[in-house]
Each structure stands twice: as structure tokens, then as C-alpha cells.
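1. Sequence below, structure please.
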Amino acid sequence: MKKLVIGIDIGGINTVLGLVDRTGEVYARSSFRTAEYPFFDDYPAYVEDLCDSMRALVQSLSFEYELTGIGIGAPNANYHKGTIENPANLWKFKPEDPNPDEARRVFPLADDISKCFGGVKTLITNDANAATIGEMIYGNAKGMKDFIMITLGTGLGSGFVANGEMIYGHDGFAGEFGHVIVERNGRECGCGRKGCLEAYVSATGIKRTAFELMAKMNAPSKLRSIAFDDFDASMISAAAEQGDPIALEAFRYTGEILGRALADVVTVTSPQAIFLFGGLSKAGKLIFEPTQWYMEENMLFVFKNKVKLLPSGIQSQNAAILGASALIWQEVKQLGA
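-> Next comes the predicted model:
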């Protein structure tokens with residue numbers, strides 16, 4: 001009987017789920033809008049919709065199967081507790097809520113979902129950690145015991161593997177590399193601090209860089225005619241590929257900031273490789289070449305030319321599902337089942 005896992009990726013806009021086998025083949029896939037459940041009081045209805053979607057997914061199969069477990073990737077998810085804690089874009093309080101205490105915004109999603117399926121094993125972690133485990137099970141990190149995953153989306157996420165084990169930390173929130181300070185009193189970050197790596201190296205960060213450069217440089221650029229609200233990172237990539245000087249400098253600067261930060265973090269875990277995943281990584285050599293150069297330029301001598309900078313091996317529409325499902329397959333592997 002084929003063993004399958006349900007992988008679930010929860011984003012602020014959509015929730016995507018799929019049935020995945022041990023090799024990474026996706027047998028069924030569906031999605032629904034997370035954004036239809038924006039408020040704290042909507043959480044029970046969201047759980048009900050998710051459970052209904054999961055049931056419909058498994059009922060769509062035409063063969064017998066064994067459900068091995070359910071893996072979930074979500075923002076601010078705590079692997080140890082099975083909870084989502086104070087997520088920035090999920091289940092917020094309404095403006096008129098009489099008790100908007102953030103301590104209440106802790107959602108026991110792993111337990112709630114497990115109950116839908118008769119207590120089946122359910123694990124949850126943040127989306128960057130899920131991508132990291134997915135890389136280890138399905139991607140270019142197969143066989144590696146020490147590596148770092150950097151996810152470059154709207155923000156910057158990360159996951160750290162040392163001695164073949166995911167590093168979660170004592171509270172389940174280890175690996176917030178996007179919030180190391182790279183510029184004292186620098187740009188404001190969404191976390192409330194100033195100068196975080198994420199404020200420079202992300203889709204949002206490179207957009208801010210491009211606008212700063214347009215204010216500083218006189219060079220002609222197609223980007224100058226685009227309003228800020230209509231602007232996105234893919235436009236910078238397209239312009240850079242056509243030789244636009246503002247766009248090229250935006251990528252160089254972004255690579256410099258990321259490369260310097262990676263050179264620092266290498267000294268902590270001594271990884272075999274660093275993987276870049278997500279939208280900004282799809283710019284290819286535009287982001288990889290400057291990042292590699294500045295990483296090596298700033299690397300402690302004992303680590304020079306030892307750390308590979310590589311693209312993720314699971315850059316597909318199912319990447320998030322694969323990452324979430326890998327949570328279960330990784331545990332199965334560790335248990336020798």
C-alpha cells in the first residue's frame with residue numbers, strides 16, 4: 001500500500017495542500033484563500049475549511065493508500081509546541097476588539113488538524129524551515145549534513161542544518177537570519193527594528209534599494225517611469241537583463257549586503273553549502289555572482305573557497321508542498337521506518 005503525506009503551506013493570501021509520496025511525487029493538489037479568514041475570530045472556520053479541503057483531497061484518490069502524517073509550513077510556526085504564534089498576516093484582531101492582547105494570538109494548529117484525521121501525526125514549522133527540510137529530502141542538499149537555506153521572498157527566511165539535524169533552538173524559533181542587523185540605524189524593518197538584513201535583501205528590500213538609487217544617480221532607467229505601488233522585484237530583474245544601470249547596481253548592492261552577511265554566518269556553522277530559494281533567487285547570476293564575490297571577499301581565511309553557493313533544487317509550483325511534506329518524511333527517516 002502506498003504511503004502518502006499531506007503537505008500544507010499556509011500563506012497570508014492562499015493555503016496550498018497536496019498529497020506527496022516519499023520520492024516527492026504529488027498525487028493531488030488543491031488550494032483555498034487564507035485571506036477569507038483574516039481575523040482572530042475566523043480561526044475556527046479556517047480550521048474547518050482546511051479539514052474539509054484535506055478530506056476532499058484524499059477522497060479524490062482512486063487507489064488505496066496509508067496516510068503517514070501531515071506536515072505544515074506556516075509563518076511564525078513553533079515546531080516544539082505545534083503552534084502558530086503571533087503571525088503578522090494571519091488572524092489579526094479586529095480594530096474594535098475589546099481585548100487585543102497579542103498573548104492570545106497563539107493557535108494550536110497541529111493539534112486541531114490532527115483531530116480532524118483521527119490523531120494522525122501532524123508536525124508544523126515555519127515556512128523557511130520547511131523549505132530547508134524539503135531541500136534535504138528532495139533537492140540539492142541530499143546527503144549533506146551541514147548547510148544553510150536562505151529563502152528570498154517578500155522577506156528573508158532561513159533554515160540551518162548542522163550534523164544532519166535541523167536547528168530549532170530551545171524555543172523553536174532559531175534561524176531568524178533575516179533579522180540580524182547589517183546596518184546600524186539603517187532602514188526600518190517590518191519587525192520594528194532598524195537595519196535588519198531583510199530590509200535590504202528581499203523583494204521588498206531590492207525595491208527600496210532601486211528607489212534610493214534613482215534618487216542618488218542621474219543614469220537613465222526604465223524604472224523611473226514606474227510608480228512605487230506598481231513596482232515589483234521582477235521588473236528590476238527584467239531591466240537588469242537589458243543592461244539598465246540602476247537595476248544592475250540594485251542587484252550588485254543587494255548581493256554585497258547578502259554576501260557580507262553570509263561570510264559572517266559561515267563562521268558559526270561552517271556549512272558545506274548555502275542554498276538560495278524563492279522569487280529573488282530566480283534572477284540567477286544577477287544575484288548569485290555579486291553575492292558569491294562579496295561572500296568570498298569578506299570570508300575568514302579558513303573558510304575561503306570551501307562553501308558552495310547554490311540554487312535550490314525544488315524551484316517549482318509544488319516547492320512549498322514538498323517542503324511541508326518533508327517534515328514527516330524526515331521524521332520517518334530518523335525513526336528508520
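2. how far out from the middle of the chain is the helix or strand hosting residue 148?
-> According to DSSP states H and E, residue 148 maps onto strand 147-152. Relative to its chain's centre, strand 147-152 lies at 8 Å (C-alpha atoms, centre = their mean, to the nearest Å).
3. Sheet partners, orientation included, of the following helix or strand past it?
-> Per DSSP H and E, the first helix or strand lying C-terminal to strand 147-152 is strand 156-162. Counting by DSSP bridges, the strands paired with strand 156-162 are strand 147-152 (antiparallel), strand 165-166 (antiparallel).
4. residues making contact with strand 156-162?
-> With C-beta atoms under 8 Å, 6 or more residues apart in numbering as the contact definition, strand 156-162 has outside contacts at 126-129, 131-133, 136, 141, 144-151, 166-167, 174-178, 197-198, 201-202, 205, 269, 271. Where C-beta positions appear, they are placed from N, C-alpha and C, glycine not excepted.
5. Outline the domain layout of this protein.
-> 2-133+318-335, 144-311 (automatic domain parsing).
6. Show me the residue at the heart of this structure, geometrically.
-> Per C-alpha atoms, centre = their mean, the C-alpha nearest to the average position across the chain is that of residue 128, at 3.4 Å.
7. Report whether that residue is found in a strand, as I expect.
-> No. The assignment for residue 128, made by DSSP: H, G, I helix; E, B strand; the rest coil, is helix rather than a strand.
8. Could you dump the domains of the chain into a markdown table and include mean pLDDT?
-> Putting the domains of the chain into a markdown table (pLDDT from 0 to 100) gives the following:
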| stretch | mean pLDDT |
| --- | --- |
| domain 2-133+318-335 | 93 |
| domain 144-311 | 95 |
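9. pretty sure residue 166 is touching residue 132, no?
-> Yes. Under the criterion of C-beta atoms under 8 Å, residue 166 makes contact with residue 132 at 6.6 Å.
10. List the buried residues for stretch 10-26?
-> 10, 11, 15, 16, 17, 18, 19, 20, 21, 22, 24, 26 (16 or more other C-beta atoms under 10 Å).
11. Tell me the one among those nearest to residue 190.
-> For the buried residues of stretch 10-26, the residue nearest residue 190 by C-beta to C-beta is residue 11; the value is 15.6 Å.
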